[in-house]
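Chemist: Have a look at this prediction, sequence included:
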Amino acid sequence: MKKNVNLIILLCLVISLAGIALFPIDVVGQVDPFSEIQLKLLNISEDEIEIIHNLFVLANEIEEMEKQEVEIAREIDGINTEMLILEKNIKKEEIKYTKSKDALEQVLKTYQRMGPGSYLEIILNSDSLTTFLRRINTLRDLTRNTGDLMEQLEESRDKLTAENQKLTEKLNLIEEKHQLLRESLAKSLSLKEEMEHYLFSLEEDREYYQEQLENMQIMWTELKPLFSETIKEFTRIIKEGNFPDDAIKISITLFGIRGSLEDKVFNSIVAEQSILPRMELNFYQDKVELRMPDNHLILIGTFVIKEGSILTLKVEEGSFFNMPLQAGAIDELFSEEELQLDFKPLLEGNTIRSVEITEGYLRLLFLPSFF
């Protein structure tokens, strides 16, 4: 029995090995489609880069125009909703105004018909003090009601005027938005025609460049959410303040406390804690360079101090696969999240007075909290 079991196991093993030999499982050899696209983009020449860059800029501008169209259409819908509410309010106020006006008209007619002499005669003909006082109070109430009606009428009239003014402003605003939408649609159409003409001028190379443009757009679309998540993680690491005691070199000066942070130390600390793709900050004279090497993204800018403890990266230029990025593309990268270095946990109540970027170092001047 034991021999039979061993024989069965041996047969199964032989069959399995034969299956692997006949139908090899290609795990190591599998190709990542994004890696393949990256290789294609990295192997294009400088002349080709310029052409693809022009196409990429046009494609981004078209996408931006289409987003603007959606946003303007959304704003128009919102204004239309506000106008409907205003029109309802105006109708209610008109009814209220008409009622107040009619009531006041009736009171004044009665007062005019009887005349002031009639009221005086009614009061003087009182047969007792109680009747006299009651008639005086009645006259006082009548006079007060007339005043109240006048106030209500004026208030209603003013409110109606204000609501109509708002409606006029909304009508003007919606006309402006429609004009913006028409301009946006026209520009979008013009850009699409420009791209078509540009592609047509490439003649037999058109398909090649169209493919490279599509590759670039695929990688760009892939990058944007990844960049936002990486920025968020990067910001979190800094905010938690998990820095070694010797990470920031402290010195005392006549102007305050100076702290120096080397970019190599900074990047190694972030790399140890981050679970996302590699992101580095490199410091040069008067500028900071943000790099995502694996994604071939470079952004260059400077830091702006916010709220006394936060450094926000203000990007001025950048490139993606060696192609310059337009301002709109850079704004798109930071539409979800800003890159912020929040040093509040490390400052212990002190505030950042100034920031200086030098070769390899970020230098901060702190103002002690007791000043």
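Modeler: Thanks, I have the structure now.
Chemist: Tyr308 contacts Ile352, correct?
Modeler: Just to correct that, residue 308 is Gly rather than Tyr. Yes. Gly308 lies in contact with Ile352 (Cβ atoms under 8 Å); the separation is 6.0 Å. (C-beta placed from N, C-alpha, C; glycine too.)
Chemist: between these two, who's got more neighbours?
Modeler: Of the pair Gly308 and Ile352, Ile352 is the one with more neighbours under other Cβ atoms under 10 Å, namely 23 against 14.
Chemist: now the more buried one: how far from Met195?
Modeler: Ile352 sits at a distance of 46 Å from Met195 (criterion: Cβ to Cβ, to the nearest Å).
Chemist: In the stretch 251-371 of the chain, where is pLDDT below threshold?
Modeler: Filtered on pLDDT under 70, the stretch 251-371 of the chain yields the residue ranges 369-371.
Chemist: Just the strands from it, written as ranges.
Modeler: Applying DSSP state E, counting those that start in this stretch to the stretch 251-371 of the chain gives strands spanning 256-262, 280-284, 287-292, 297-306, 310-320, 323-324, 340-342, 351-358, 361-367.
Chemist: Export those as TSV, with columns for distance to Ile250.
Modeler: Formatted as TSV, those follow (distance: least, Cβ to Cβ, whole Å):
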stretch	distance to Ile250
strand 256-262	6
strand 280-284	18
strand 287-292	21
strand 297-306	19
strand 310-320	17
strand 323-324	39
strand 340-342	17
strand 351-358	14
strand 361-367	9
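Chemist: most neighbours per residue, which of those?
Modeler: strand 340-342 (a mean of 21; mean count of other Cβ atoms under 10 Å).
Chemist: Give the buried residues for the helix or strand containing Glu214.
Modeler: Glu214 belongs to helix 206-240 when assigned by DSSP states H and E. Residues of helix 206-240 classed as buried by neighbour count (16 or more other Cβ atoms under 10 Å): 209, 212-213, 215-216, 219-220, 223, 227, 230-231, 233-235, 237-239.
Chemist: repeat for stretch 237-255
Modeler: Ile237, Ile238, Lys239, Phe243, Ile248.
Chemist: Could you check the pLDDT of the second one?
Modeler: Yep, that's Ile238 we're talking about. In the prediction, the pLDDT value recorded for Ile238 is 81.
Chemist: Which strand residues bridge the residue lying closest to it once chain neighbours are set aside?
Modeler: Excluding its sequence neighbours, the residue lying closest to Ile238 (Cβ to Cβ, 6 or more residues apart in numbering) is Leu341, at 4.8 Å. Per DSSP bridges, the residues bridged to Leu341 are Leu311.
Chemist: tell me the contacts of Leu341?
Modeler: Thr235, Ile238, Phe303, Ile310, Leu311, Thr312, Leu313 (Cβ atoms under 8 Å, 6 or more residues apart in numbering).
Chemist: Quick one: mean pLDDT over whichever strand or helix holds Lys187.
Modeler: Take DSSP H and E as the rule and Lys187 turns out to sit in helix 129-201. For helix 129-201, mean pLDDT is 72.
Chemist: show me what contacts Asn54?
Modeler: Applying Cβ under 8 Å, 6+ apart to Asn54 gives the contacts Tyr198.
Chemist: Hmm, I typed the wrong one, I wanted Glu194.
Modeler: By Cβ under 8 Å, 6+ apart, Glu194 lies in contact with Leu58.
Chemist: Give me the domain ranges for this protein.
Modeler: 46-198, 223-367 (automatic domain parsing).
Chemist: For these, give me JSON lines that also has distance to Asp205.
Modeler: Listed next are the domains of the chain as JSON lines, based on distance: least, Cβ to Cβ, whole Å:
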{"stretch": "domain 46-198", "distance to Asp205": "8"}
{"stretch": "domain 223-367", "distance to Asp205": "18"}
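Chemist: So what angle separates the directions of the helix holding Glu214 and strand 297-306?
Modeler: Angle of helix 206-240 versus strand 297-306, following axes from the mean of the first three to the mean of the last three Cα atoms, to 10 degrees, is 40 degrees.
Chemist: got the angle between helix 206-240 and strand 310-320?
Modeler: 160 degrees.
Chemist: Going forward, the N-terminal residue is numbered 682.
Modeler: With 682 as the first residue, the last one maps to helix 887-921.
Chemist: what's the angle from helix 887-921 to strand 961-965?
Modeler: 90 degrees.
Chemist: distance of Gln1007 from Asn963?
Modeler: Per Cβ to Cβ, Gln1007 is found 23 Å from Asn963.
Chemist: avg pLDDT for the helix or strand hosting Lys780?
Modeler: Applying DSSP H and E as the criterion places Lys780 in helix 727-805. For helix 727-805, mean pLDDT rounds to 72.
Chemist: So what sits opposite the closest residue to Ile1038 other than its chain neighbours in the bridge?
Modeler: Residue nearest to Ile1038 in three dimensions, not counting chain neighbours: Phe964, with 5.2 Å by Cβ to Cβ, 6+ apart. For Phe964, the beta-bridge assignment (DSSP bridges) gives partners Val969.
Chemist: tell me the contacts of Asn976?
Modeler: Contacts for Asn976 were tallied using Cβ under 8 Å, 6+ apart; they are Met900, Leu904, Leu907, Phe908, Pro958.
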